[in-house]
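Novice: generate a structure from the sequence data that follows.
(chains A, B, C and D)
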4 protein chains.
Amino acid sequence: MENMYKIQKLTVVGGGSTYTPELLSGFIEHREKLAVDRISLFDINRERLETVGGLVSRMLQRAELDTRLELTQNRTGALEGADFIVSQIRVGLMPARILDERIPFSHGVLGQETVGAGGLFNAFRTIPVSLEIAREAARYAPDAWYLNFTNPSGIITEALLNHSELKRVAGLCNVPINAQRAVAELLNVPSQKVWLDWIGLNHLGWIRGIYVDGRDRLPEVIERLSQQLSDEASERFPFESRLLHDLGLLPTYYLRYYYATQNAISEVQKAGKTRGEVVLDIERDLLGRYADPNQVIKPEELKQRGGAYYSEAAIRLILSLLSDRRDVQILITRNNGAIQGLPDHVSVEVPSIVGAHGISPLSCGKPPAQVKHLLESVKASESLAVEAGVSGSRRKAVMALVANPLVPGFELAERLTDELLEAHRRYLPQFFSSEE
Amino acid sequence: MENMYKIQKLTVVGGGSTYTPELLSGFIEHREKLAVDRISLFDINRERLETVGGLVSRMLQRAELDTRLELTQNRTGALEGADFIVSQIRVGLMPARILDERIPFSHGVLGQETVGAGGLFNAFRTIPVSLEIAREAARYAPDAWYLNFTNPSGIITEALLNHSELKRVAGLCNVPINAQRAVAELLNVPSQKVWLDWIGLNHLGWIRGIYVDGRDRLPEVIERLSQQLSDEASERFPFESRLLHDLGLLPTYYLRYYYATQNAISEVQKAGKTRGEVVLDIERDLLGRYADPNQVIKPEELKQRGGAYYSEAAIRLILSLLSDRRDVQILITRNNGAIQGLPDHVSVEVPSIVGAHGISPLSCGKPPAQVKHLLESVKASESLAVEAGVSGSRRKAVMALVANPLVPGFELAERLTDELLEAHRRYLPQFFSSEE
Amino acid sequence: MENMYKIQKLTVVGGGSTYTPELLSGFIEHREKLAVDRISLFDINRERLETVGGLVSRMLQRAELDTRLELTQNRTGALEGADFIVSQIRVGLMPARILDERIPFSHGVLGQETVGAGGLFNAFRTIPVSLEIAREAARYAPDAWYLNFTNPSGIITEALLNHSELKRVAGLCNVPINAQRAVAELLNVPSQKVWLDWIGLNHLGWIRGIYVDGRDRLPEVIERLSQQLSDEASERFPFESRLLHDLGLLPTYYLRYYYATQNAISEVQKAGKTRGEVVLDIERDLLGRYADPNQVIKPEELKQRGGAYYSEAAIRLILSLLSDRRDVQILITRNNGAIQGLPDHVSVEVPSIVGAHGISPLSCGKPPAQVKHLLESVKASESLAVEAGVSGSRRKAVMALVANPLVPGFELAERLTDELLEAHRRYLPQFFSSEE
Amino acid sequence: MENMYKIQKLTVVGGGSTYTPELLSGFIEHREKLAVDRISLFDINRERLETVGGLVSRMLQRAELDTRLELTQNRTGALEGADFIVSQIRVGLMPARILDERIPFSHGVLGQETVGAGGLFNAFRTIPVSLEIAREAARYAPDAWYLNFTNPSGIITEALLNHSELKRVAGLCNVPINAQRAVAELLNVPSQKVWLDWIGLNHLGWIRGIYVDGRDRLPEVIERLSQQLSDEASERFPFESRLLHDLGLLPTYYLRYYYATQNAISEVQKAGKTRGEVVLDIERDLLGRYADPNQVIKPEELKQRGGAYYSEAAIRLILSLLSDRRDVQILITRNNGAIQGLPDHVSVEVPSIVGAHGISPLSCGKPPAQVKHLLESVKASESLAVEAGVSGSRRKAVMALVANPLVPGFELAERLTDELLEAHRRYLPQFFSSEE
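Specialist: Numbering: from 1, shown residues only, chains lettered A, B, ... in the order given. Below you'll find the predicted structure:
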């Protein structure tokens, strides 16, 4: 019989997020292996905290778990003594995200939560808050694992790795776990039999090999996906058949923004709504359901929100850290040579062994020639974004935008920087107090 | 008194180019230092060869030089026994260049002779011909210096360095010599007093320092240029004042295509003509003048053609190689570590010592963070272009376009590749015979 | 209940080795998990093959396994159709090894089977034979895993990785598995609970961290070992206490030859016998016992031979490859970026994930400053040795010796090369036919 | 007619060195090109200062130069307002050097002023004093060029480059200039016609090519040197003929300590005297001559001291800095990518362009495989020595010795460290106050 692992205290920063019930449902599902003494939900937004907290409380009750639940607006208290801290904040909430989308769109370029100019400004807003949380966490929970789901997760994790005193940080995202499942489904094999030879950054991952029973089935997957794709790429896998053959790698979802940029822009134009605007409606609806005292499990509609298997990723990571499992998970971690040609200190998203000792990335070698430039440009942009977000240097912000493949030209970078700085002024104190 | 240096035989491949009188005027000007026994002009176009050759012959006569002039359509004969070979060919002439410009423009992206999709297709057409010339040169003039002016000079030089048996190759361009003069003029100092701390690729150069008498005057130059620039960037130096300050480096001319892309596109739209179409008219006019038996010097109008100081660059290089001068020139040469982070075998454009022993690049260290991504992306695109041009692999051609910062997205790369392959079919046999 | 895994055919090249019963006892021990249909022992030495084969046959019989056993001198036949090939050859047997030891000793420097000049000449003798075997293996068993125990395992594995057509190669050694056990014993924890942060080459490994339940106990291990060590280092762990503290890493056994060179030399001088001479006696004794028809298990005395846990290492690897176990093993494999600063193509010994897809090394990052020079020098020597052994270039052989930290000075390298070439002439045809 | 260049104030730190008249004779010789207003000789040793200063004063008088000469024991005053600072100190003078030699010899390994354990301890004594001088220089002569001749020049220059505020530092040595002359003499060509393709560190230089009129005459030089060398290598060029052929490079003088270690040790044993002991006698004799009021030029005997062309190296560098000459000199400077594989911040000795803008090393690419390991090991040792010398960490000192190819084994490194630390205790306060 397997062991039972214990968490004394789990803290969720941004506990009022609509994702929280997803996370909690994971703990309920894994109750046989993992017991949590105390969960502390922290949020600055009291109303959301109470609404979401209400549902979580009912979920725990229904599951007959004796986990203690705290809802709090006292961050220090929330962090103190935690074993695990999950961060899932969104600075400026949906209204800010919509500006991240709308302002670039108004110049004909892509606006998005985690990529392009929008992703960079999301980072600028989020870095100072994340570092403040990290400062407290390092002080009040010095041995805790800090798991960052906060977007843009690659940039935020890089900021935490290099500008905080945290000893134990990992960045997570549900894209890898979803890709693994999708591929397994396509090949009709159990997910755990699939070995993905994955290389990349958060929201910029490529699959170089798909091994099942020692055989690389990537060519077959490319062939089958190509046949499924009509000339117009499908919504779920928005790449042209020719692209797959020419690339010789399997691109993951977010690469659509780089590979099929026009397509992504047209889609929004056709819809008349940005993703943020869609999500705003979904969230409103979700919060309505959460508030319903009869709602005692996470509602079906949460799936539309986009966080599929988010809790699975979190719990898989937590369990490996606790149980010294030493299995391979695709995580956002310090490069340290994993991807050749990128600096040691940057964050990358790569297969890593997870055990009680921590997270050890596998060596990925040199990135394939056909994607190296994109990988390096995006990472250059992200690392400049960390510097800009930390220092509040407008010049570095411009540089981060210029380095980004989705911002063509210096002039546009200057213009977008001006407009986004102005639009988000209240969330970007570092840029307005800085002397530079 | 200074020494007199001698060339037994100088061969110009593409001798029918309208640039040839510019080159010749250089030899005439430097007659005190440099004597040429025999000049062989080779061209496949008989008419141009005779027109241009006629003018060159009159120029030599007027200068009372006893240099022997040969006009020939026999390439082997032209190359045999040469000390110096100057290559300045254009495969497909202006009509092909105009397609390189027009087809990308029709998709809203930049078309240009040396950058973007146009530059890459120019390379695809030119690589096989250049390598064929190099094969003969290596056989019939094994000790000759092969000076490549043929555009895109960075890519062609890289192809020659890695896919020919030539032992002595250098790529040249007049951008560095023009930049040095322009800066010297601005500072009102003699050109040779200026030390440019230059880093980059051909048509992708940045100036990191401008030393005069031991003091770095780059900040002053940036300040003065900024003041000169109105909001709308000037034609001659098409960058915004803010860009200069944010970049902290002085970008050279061709960076406009990356930094001020929209501006460059609008310019063509406003003019209603591409640069190729303008040059077509200039060339027609020049060839008319060249044909005039009364024309005995290079006509004033040649300046509009764009090759200012082209002969000065060539002769400066030749003189240093012959005289073991060991001065610093900014040349296109094998990287071999000069720019950190780029592979050894690629071509770069960097300050180099030139002496009888050859060309030794200075160590440039790491590229500045704010330009690294662009430098690496463009070089990735160029190196993929060499592979595509040599192998005739459509897939690699697509990859070269995808890696190029001026070709946003994979879909467009596929489309442009199809259209340009079709448009240039007769000049791209390697892509149509290849089995792939 | 666990699965049963199957091997159709296992081939042992050098099957007459006294180690073979050790290997076989491993298969007998793991009979519940792993079934072997057929074992083919190949050796060029008929007598040893029959003696060792006799014992193996009795061992299988006693274990009541229905594994078929073949003893053969037909190499092609032995290799054909194998799933796993274990190579454990010794070219020139003990007499050659003794020369590898004695000749350097006669010049006052260390002679040893795998390190120093002796190890290099062992490689020169073994490379051509190994590559010949590999050529046949690639042809007659193209999908087999080729497991190299043949010493010097780091160099031979590098030769196989770069100069054969084998697709699936791993080098093994029992040092890591022994180190893990020794550390676990010292800390009184189960071996599998220990996570070793290991970096190095074969017979040149350092331990950077010893994690148990998430805590690094390396400092404690260093402290305890230091206390155990008298001024004179113990035989089992021949390092001074001060060395451990100054190094801040745990060196593994073979580092004694570099760190305590004089000590190692004195030891031989005191004993009056080299290790080869000792082993010669042990082997004679072992073969006598093997020949005894009453001997039906591996004799106790085999332990003295030095291959402790050799079979455990082999079977652990085989089981992970077959069962897609994805556990971490410390193996000799292609670097490919695992250790920063070493070329991609060299062999290193690093923690690696082993599964059905193959062997994926973990990223080890930069080697610690205090060992970097030694790691790089030894690897340079090894890679030069591969080139020398393949090409038969005396000059490269000298360079391999010069690069080796245990061969001080060029003069000595020249002298040792001359003497060892002469002494091993019959096993080094490549050096005597080469034109160089 | 050439320009005349002016130095307002030249300061010599360690002005009481017997080398000072050599330096001064250089200024006298180049009086037509270079005028020095004021020379300040600083030394802590009053007697030597007066003796040496006396001769220098007579030399200036005889040459009828109106250069003002100051002899001073006030360091701040000496440094204040200098244009050029020449450092040529020796901490502990000859007695300390002799210990650097004798103590290693007593353990059977090489002791030497700049290499091996002796060189490292020389560095440990000299780093704190050099950094103190540098601190004052940066304050009182912030724009001065600081030229370091102080040995071990490679290590001291690295310390100055990384641990001082000096903006303008160069390390010098007369080995390159002597090698250039020797090669030119051998080939019977003027020295300036020779282009040396040099790579290495201070006192660890290799010549990869010797170009004269565009032809590489290295093979010829190797051939001729080989013929001159008897079996016993000559004193002046102490390498075996075979070594030259096998190496394929021309090693410079100090490589004898690595390549012909035993030979170098035997030499001292035969002589019964270390070089320091020999020099002690020479210096005594020289100072006697300097004190003679009739001595008005540098005495012939100074040549035995070993600083041939030392003044030429210094003045050539000064003139190029002043006159913006942009010629190539082989200098000790920050690597910054010049030698691939070495970190940016270390000091290397490489061909560099020298002009008013400063010192720009040429790109040397990858070091040849046959010397890479030695280059990297010695540099690792030197960089660890800088860290040890700055921090006073005994552990780092041991590491520096361990990394050094002339200190075999850890045990010996520990022992030598102990003995040398004790012997030089009064000059190594940083090691005795440190808490570590």
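Novice: any regions of chain A where pLDDT drops low?
Specialist: Residue ranges of chain A with pLDDT under 70: A:1-2, A:229-236, A:434-436.
Novice: residue A:184 touches residue A:194, doesn't it?
Specialist: Yes - here residue A:184 reaches residue A:194: they are 4.9 Å apart, a contact under CB atoms under 8 Å. Placement of C-beta: from N, CA and C, glycine included.
Novice: who has more neighbours out of the two?
Specialist: Higher neighbour count among residue A:184 and residue A:194: residue A:194, with 23 against 18, using other CB atoms under 10 Å in any protein chain shown.
Novice: how is chain A carved up into domains?
Specialist: A:5-171+A:276-306, A:176-272 (automatic domain parsing).
Novice: and of those, who's closest to chain C?
Specialist: domain A:176-272 (3.5 Å; CB to the nearest CB).
Novice: tell me which residues in stretch A:157-174 are buried?
Specialist: In terms of neighbour count (16 or more other CB atoms under 10 Å in any protein chain shown), stretch A:157-174 has its buried residues at A:157-161, A:163-164, A:166, A:168-174.
Novice: let me redo that: stretch A:426-436
Specialist: For stretch A:426-436, by 16+ other CB under 10 Å, it's A:427-428, A:430-431.
Novice: contacting residues around that stretch?
Specialist: A:91-92, A:96, A:124-125, A:128, A:389-395, A:397, A:421, A:425 (CB atoms under 8 Å, 6 or more residues apart in numbering or on different chains).
Novice: and those, which of them are in helices?
Specialist: Counting by DSSP state H, the part of the contacts of stretch A:426-436 found in helices is A:96, A:124-125, A:128, A:389-391, A:394-395, A:397, A:421.
Novice: do stretch A:108-119 and chain B meet?
Specialist: No - if you take CB under 8 Å from any CB of the partner chain as the test, stretch A:108-119 misses chain B, and the best it gets is 9.0 Å.
Novice: could you dump that stretch to CSV, C-alpha only?
Specialist: Extracted as CSV, the C-alpha positions of stretch A:108-119 are listed here (Å, rounded to 0.1, in the frame of the first residue of the first chain):
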residue,chain,number,x,y,z
GLY,A,108,-2.6,45.9,-36.2
VAL,A,109,-0.5,43.7,-34.0
LEU,A,110,-1.3,40.9,-31.7
GLY,A,111,-2.4,41.6,-28.1
GLN,A,112,-2.3,38.6,-25.8
GLU,A,113,-2.2,37.8,-22.1
THR,A,114,1.2,36.1,-22.2
VAL,A,115,2.8,36.9,-25.5
GLY,A,116,3.6,40.0,-27.5
ALA,A,117,3.4,43.5,-26.1
GLY,A,118,0.4,42.5,-24.0
GLY,A,119,2.3,39.7,-22.2
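Novice: what residues does it touch?
Specialist: A:97, A:100-105, A:122, A:151-155, A:202-203, A:254, A:257-258, A:261, A:264-265, A:274-276, A:378, A:401, A:404, A:406-408, A:412-413, A:416, A:420.
Novice: and those residues near chain B, which?
Specialist: A:258, A:261, A:406, A:408, A:412.
Novice: now name the helix or strand holding the first one.
Specialist: Right, the one you point to is residue A:258. With secondary structure defined by DSSP states H and E, residue A:258 is part of helix A:256-259.
Novice: does anything pack onto that helix? Which helices or strands?
Specialist: helix A:261-271, helix B:410-423 (3 or more CB pairs under 8 Å, 6 or more residues apart in numbering or on different chains; DSSP states H and E).
Novice: going by distance to chain B, which of the ones next to chain B among the contacts of stretch A:108-119 wins?
Specialist: So of these, ranked by how close each gets to chain B (CB to the nearest CB), first place is residue A:261, at 4.2 Å.
Novice: which SS class is residue A:350?
Specialist: strand (DSSP: H, G, I helix; E, B strand; the rest coil).
Novice: pretty sure it contacts residue A:200?
Specialist: Yes - between residue A:350 and residue A:200 there is a contact under CB under 8 Å: 7.4 Å.
Novice: what about those two, which has more around it?
Specialist: residue A:200 (30 against 24).
Novice: are the strand or helix carrying the more buried one and chain C in contact anywhere?
Specialist: Element membership of residue A:200 [criterion: DSSP H and E] is strand A:194-201. Yes - judged by CB under 8 Å from any CB, strand A:194-201 comes into contact with chain C through A:195, A:197.
Novice: quick one: contacts of that strand?
Specialist: Under CB under 8 Å, 6+ apart, the answer for strand A:194-201 is A:154, A:176, A:179-180, A:183-184, A:187, A:205-212, A:252, A:328, A:330, A:339, A:347-351, A:364, A:367-368, A:375, A:378-379, A:382, C:324, C:326, C:355-357.
Novice: what's the first helix or strand after that strand?
Specialist: strand A:204-212.
Novice: spatially nearest residue to residue A:221 (excluding sequence neighbours)?
Specialist: Leaving aside its sequence neighbours, residue A:221 sits nearest to residue A:210 (CB to CB, 6 or more residues apart in numbering or on different chains; 5.6 Å).
Novice: next, residue A:11: secondary structure please.
Specialist: Going by three-state DSSP: residue A:11 is strand.
Novice: got the contact list for it?
Specialist: A:39-40, A:42, A:78-79, A:82, A:84-86, A:141, A:144.
Novice: restricted to strands, list those residues.
Specialist: Residues of the contacts of residue A:11 located in strands (DSSP state E): A:39-40, A:42, A:84-86.
Novice: in CSV: these, plus neighbour count and distance to residue D:56.
Specialist: Shown next, in CSV, are the ones in strands among the contacts of residue A:11 (neighbours: other CB atoms under 10 Å in any protein chain shown; distance: CB to CB, whole Å):
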residue, neighbour count, distance to residue D:56
A:39, 28, 82
A:40, 24, 79
A:42, 25, 76
A:84, 23, 74
A:85, 28, 71
A:86, 26, 75
